[in-house]
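K.L.:
sequence? don't have it. structure:
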């Protein structure tokens, strides 16, 4: 009898003063607070800034060694880093460098926004209507696997050498990726979410906006990233093949001009700028969006 009373008293003790659950909750709150605090600059520098700088320096050192040791002794095949730097300097002093970048970036972003406006409702329609999915789904998958460069000749014949041709090539390359990304994201939404939404009256467009789209956001964002990659590749292919003075000189046209002039320094300049723009768009737009989505779902915590 005494042992039973002792056991009951011991079991009730944590509940009376709240030291059990209260202490656990306080510990979790403290852990979350410390995890989401501001990351020290030194840690940010060593983990995020220093590694890419080191990689770039290693590439430049190896590149210079290949030239200095005459492992590749033909400057028409591999120019020195200083020669490529001279191309950048000349383009900057002539006021052309930013023009090359802006011509391509403005086309690429506008074409991507148009693809976003078309691909998003198309992906919703394919994902939610079985007949449309059976009819259009395989076509979208086939278009996504089709090289973007294949659309340049017919686009030139249909629309001529103008910006409309450029945007048509971008749309044909990016829309299938955006639509398929959204379809994939919607397919991964738990059915319980959809049933809960219908129970609360979220059907039709309201359900798509408040339930389906937020739940499918990770897959949709992956489709957006791939859609931008296809947009950029499609644009470069169009600028290389369909270059014209009326279209201005973008990065693809700069690459083609370097080939026509047999100037590897100019070719390397164009390649570096194309790579730089691709990395910059990812770091400035898609990486923050991805971190925001993951953090809102509790999948990313600052350490």
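P.N.:
Ah, there it is. Source: prediction; values computed, not measured.

K.L.:
where does the stretch 1-150 of the chain have low pLDDT?
P.N.:
Filtered on pLDDT under 70, the stretch 1-150 of the chain yields the residue ranges 1-39.

K.L.:
the helices in it, which residues?
P.N.:
Ranges of helices in the stretch 1-150 of the chain, per DSSP state H, counting those that start in this stretch, are 2-17, 19-35, 41-44, 50-68, 81-93, 97-128, 130-145.

K.L.:
Likewise for the stretch 151-300 of the chain?
P.N.:
Assigned by DSSP H, counting those that start in this stretch, the stretch 151-300 of the chain shows helices spanning 152-159, 163-187, 191-199, 204-207, 213-215, 217-241, 251-260, 264-281, 287-296.

K.L.:
and of the ones you listed, who's closest to residue 87?
P.N.:
helix 264-281 (4.3 Å; C-beta to C-beta). Quick note: C-beta positions are derived from backbone N, CA and C, even for glycine.

K.L.:
List the buried residues in the closest one.
P.N.:
264, 265, 266, 267, 268, 269, 270, 273, 274, 277, 278, 281 (16 or more other C-beta atoms under 10 Å).

K.L.:
ok, the most centrally placed residue in the chain to residue 177 distance?
P.N.:
In the chain, the centroid-proximal residue (C-alpha atoms, centre = their mean) is residue 225; its distance is 3.1 Å. For residue 225, the distance to residue 177 (C-beta to C-beta, to the nearest Å) stands at 9 Å.

K.L.:
for residue 124, same thing?
P.N.:
15 Å.

K.L.:
Mind checking which of those two has more residues around it?
P.N.:
Between residue 124 and residue 177, residue 177 has the larger neighbour count (other C-beta atoms under 10 Å), namely 25 against 22.

K.L.:
Correct me if wrong: the more buried one contacts residue 220.
P.N.:
No - counting by C-beta atoms under 8 Å, residue 177 stays clear of residue 220, with 11.2 Å between them.

K.L.:
which residues sit in contact with residue 116?
P.N.:
By C-beta atoms under 8 Å, 6 or more residues apart in numbering, the contact list for residue 116 reads 178, 224, 227.

K.L.:
Quick one: residues contacting the residue nearest to residue 249 when sequence neighbours are not counted.
P.N.:
Leaving out its chain neighbours, the residue that sits closest to residue 249 by C-beta to C-beta, 6 or more residues apart in numbering is residue 100, at 6.1 Å. Contact partners of residue 100, counting by C-beta under 8 Å, 6+ apart, are 91, 249, 250, 251, 254, 270, 273.

K.L.:
10 Å instead, please
P.N.:
91, 248, 249, 250, 251, 252, 253, 254, 269, 270, 273, 277 (C-beta atoms under 10 Å, 6 or more residues apart in numbering).

K.L.:
what are the phi and psi angles of residue 160?
P.N.:
Residue 160 adopts backbone torsions of phi 90, psi -180, taken as degrees, to the nearest 10.

K.L.:
what number of residues lie near it?
P.N.:
12.

K.L.:
For it, give me its contacts.
P.N.:
Counting by C-beta under 10 Å, 6+ apart, residue 160 touches 242, 244, 246.

K.L.:
returning to what we had before: out of the contacts of residue 116, which comes closest to residue 150?
P.N.:
So of these, ranked by how close each gets to residue 150 (C-beta to C-beta), first place is residue 227, at 17.7 Å.

K.L.:
Neighbours of that closest one, how many?
P.N.:
26.

K.L.:
Double-check it against residue 122; I have them as touching.
P.N.:
No - Residue 227 lies out of contact with residue 122 (C-beta atoms under 10 Å); the separation is 11.8 Å.

K.L.:
can you list residues touching both of these two?
P.N.:
Joint contacts of residue 227 and residue 122 (C-beta under 10 Å, 6+ apart) are 115, 175, 176, 178, 179, 180, 182.
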